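> after the sequence you'll find the predicted model.
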Amino acid sequence: MSFSCCSGLSFRAASLHSRLLLLAFLLFSAWPARAQAPPARAGEVRALVPSASIERAGAASREAQRYDAVYWQDMLRTNRGGRVRVGLLDGSILNVGSQTSLRIEAHDAKAQRTQLQLAYGHMRASVVRLSQPGARFQVRSPVAVAGVVGTRFSMRSLPDFDEVLSLDGVVRVINADAAVAGEVFLRAGEFSRVVRGMAPTTPSPATPEQIREAEEETDIPMGPLEWSRVEISWPPTGCGQGTQLLLRAWSKQNKEGKEIEEPIDPELISGRLTLGVHTLDVEAGRATLPEGSGSALPKALFMPRGGATELPAKIWEAKEFVPGEGWRAPRAVFAGSVFNVHGPMDIGGRPEFSFAAQHAELLWQGPCGAGFLAPRGTGREYDVTLSLNGEQVARGKMNLISVAYRTPQPPVVLKGQQSRFGVDISGLENLIQFMQGRPVMTTIVTNRTPAVIGNLRSSTPGARTSGETITYAIGRPSLTGGRGAAGTVQLDGVGTSRMAGTFVLGVEHKLNPELEQPRTPLALVRQ
């Protein structure tokens, strides 16, 4: 009796417990699933030919596109003839060759810890200098492990063995099997091979053919080019370690029987840049400025990869660094001119600065900020945005100032003839309020051919004539009140010819430093 009683009570209790568990499960199942945290970003696709694919956990493989984001655990694959270049967030560059599979297992840009898995194929890396405690950049294959501390190297994983080649700096190589003892350190121009179950071979000098293959088999190829010129914009002194220069280059093209210059895609600019006593590797148009580089501009020469002749590179002088807090930009800039944005900048990221839908061209980037070339857009006040790796981080307002000229075409005069000229400047709206009575800008017109034309004068209010020049102090009420559309100024001038011939006028524009320097704070964009 007591047994039956107790058994019955036990059974009923167990049944109730089961129902409670079932109810709890149903309630849990009905609760909305918590969204998984997005994967950590590692970098972006910078270039590819003709195609490559990205495989991401939980998603089907898809064809990669330029500027696609690359995340932790993404697998990059190329078929025969395919190449892909990835820029990591710390500034390192990965070049993936044909018929290759490379997984980006982890990339912590701040801690400088990177782990890659090369399943098969050929890859080459340009690694930024590692300076953080515990920093590591490691590539693991089924057979070997290569670790670096800031260098350029290539790694090829073949069925029978792996080959690691140091192109610059030092590379540590071990067997992927921890039970296999032995390690080697490769210096620039040395290679080692690793066979399954065996220690790496003693470092040996690489042949010129090996070095050429390591670069060419992983590079983004370009057709034959006739290079015409190379330019560099110099960053402010003391911008910080790891500042990157971006080379701009042009090639000569023949179109419809005319020789013209066309800009070269920066991702195709690779080679060697000589700056005084320093020789820098250029990868994807980027070169890391050596520590201790001062404000004095060195002589610069660029040797394109695979080229035979060095090209002189023009260096544009640096603009002054203006200290401050947060991100700061100029309040105005001339269309097509250089300007700087100062503030904390991700060295390896891709900064973008936009005037509405028009993008400025990146010229350099470093810990202190970035330099840009303003677009040649319509002169007016714009809403501007600063983005890092495709995400808006700050915004503000900035004037783009454009200039147009009115001169006789052709500029030919007869003796005693009067010739009129003019300068139209737009994009000045809302700038006077910052000047406290000072001019927004100054324009100086200089007569370059005084034997042909002379007696320069102007009817523009406030203009001053002195000898062969006319100076316009723009932004004072005498030059802006009631003349043309809002934000537009028309400068007029006239000269009388002294003899028949062609005349030349020089025009110089100077923006007030208070507007030109990056002092205007940009407002943070809340994510």
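Done, it's in. Residues are numbered from 1 along each chain as shown.
> where along the stretch 151-300 of the chain do the helices fall?
208-216 (DSSP state H, counting those that start in this stretch).
> residue boundaries of the strands in it?
152-157, 162-168, 171-175, 183-186, 190-194, 204-205, 227-233, 244-246, 248-255, 258-263, 271-275, 278-282, 286-288, 300-304 (DSSP state E, counting those that start in this stretch).
> please identify the deepest-packed of these.
strand 152-157 (a mean of 26; mean count of other C-beta atoms under 10 Å). No exception for glycine: its C-beta is placed from N, CA and C like everyone else's.
> hmm, back to that, now the strands of the stretch 151-300 of the chain in a markdown table, with mean pLDDT and distance to residue 360?
Shown next, in a markdown table, are the strands of the stretch 151-300 of the chain (pLDDT from 0 to 100; distance: least, C-beta to C-beta, whole Å):
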| stretch | mean pLDDT | distance to residue 360 |
| --- | --- | --- |
| strand 152-157 | 96 | 30 |
| strand 162-168 | 95 | 32 |
| strand 171-175 | 96 | 38 |
| strand 183-186 | 96 | 41 |
| strand 190-194 | 97 | 42 |
| strand 204-205 | 98 | 46 |
| strand 227-233 | 94 | 12 |
| strand 244-246 | 91 | 12 |
| strand 248-255 | 91 | 13 |
| strand 258-263 | 91 | 15 |
| strand 271-275 | 93 | 23 |
| strand 278-282 | 91 | 22 |
| strand 286-288 | 90 | 17 |
| strand 300-304 | 95 | 23 |
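> pipe the ones you listed into TSV and attach distance to residue 49 per row.
Listed next are those as TSV, based on distance: least, C-beta to C-beta, whole Å:
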stretch	distance to residue 49
strand 152-157	18
strand 162-168	21
strand 171-175	27
strand 183-186	29
strand 190-194	26
strand 204-205	31
strand 227-233	20
strand 244-246	21
strand 248-255	18
strand 258-263	19
strand 271-275	18
strand 278-282	19
strand 286-288	19
strand 300-304	18
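> so which of these is nearest residue 339?
Comparing the strands of the stretch 151-300 of the chain against residue 339 with C-beta to C-beta, the closest turns out to be strand 227-233 (10.4 Å).
> parallel or antiparallel, list what pairs with that closest one.
Using DSSP bridges, strand 227-233 pairs in its sheet with strand 248-255 (antiparallel), strand 311-316 (parallel).
> list the contacts of residue 405.
421-424, 507 (C-beta atoms under 8 Å, 6 or more residues apart in numbering).
> list buried members of these by neighbour count.
Buried members of the contacts of residue 405, scored by 16 or more other C-beta atoms under 10 Å, are 421-423.
> can you redo those residues as a markdown table with distance to residue 88, secondary structure and pLDDT?
What follows is the buried ones among the contacts of residue 405, written out as a markdown table (distance: C-beta to C-beta, whole Å; DSSP: H, G, I helix; E, B strand; the rest coil; pLDDT from 0 to 100):
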| residue | distance to residue 88 | secondary structure | pLDDT |
| --- | --- | --- | --- |
| 421 | 53 | strand | 95 |
| 422 | 52 | strand | 95 |
| 423 | 47 | strand | 95 |
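> redo those as a markdown table? Include distance to residue 187.
What follows is those, written out as a markdown table (distance: C-beta to C-beta, whole Å):
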| residue | distance to residue 187 |
| --- | --- |
| 421 | 64 |
| 422 | 65 |
| 423 | 60 |
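> closest one of these to residue 111?
residue 423 (54.2 Å).
> so what's that closest one bridging to?
residue 405, residue 491.
> go on, residue 45?
residue 86.
> that one: neighbour count?
19 (other C-beta atoms under 10 Å).
> surely it and residue 67 touch.
Yes - using C-beta atoms under 8 Å, residue 45 is in contact with residue 67, at 6.3 Å.
> hmm, back to that, now, which of the buried ones among the contacts of residue 405 sits nearest residue 218?
Of all the buried ones among the contacts of residue 405, residue 218 sits closest to residue 423, with 51.4 Å by C-beta to C-beta.
> out of the strands of the stretch 151-300 of the chain, which gets nearest to residue 338?
strand 227-233 (5.9 Å).
> angle of the closest one against strand 258-263?
30 degrees (axes from the mean of the first three to the mean of the last three C-alpha atoms, to 10 degrees).
> chain center to strand 227-233, what's the gap?
16 Å (C-alpha atoms, centre = their mean, to the nearest Å).
> what's the answer for stretch 116-136, then?
Per C-alpha atoms, centre = their mean, the centroid offset for stretch 116-136 relative to its chain is 20 Å.
> got the end-to-end distance for it?
Between the opening and closing residues of stretch 116-136 lies a distance of 11 Å (C-alpha to C-alpha, to the nearest Å).
> what comes up buried for that stretch?
Buried positions in stretch 116-136, judged by neighbour count with 16+ other C-beta under 10 Å: 116-118, 120-130, 135-136.
> which one of the contacts of residue 405 is nearest residue 304?
residue 507 (35.8 Å).
> which ones are touching that closest one?
Here residue 507 is in contact with 405, 423, 443-446 (C-beta under 8 Å, 6+ apart).
> ditto for residue 87
43-44, 46, 93-94, 284, 348, 350.
> buried subset of these?
Taking 16+ other C-beta under 10 Å as the criterion, what is buried in the contacts of residue 87 is 43-44, 46, 93-94, 284, 348, 350.
> would you point out the most distant pair within these?
Farthest apart among the buried ones among the contacts of residue 87 by C-beta to C-beta are 94 and 350. That separation is 14.9 Å.
> now stretch 393-406: how far from the chain's centre is it?
Counting by C-alpha atoms, centre = their mean, stretch 393-406 comes out at 21 Å from the chain centroid.
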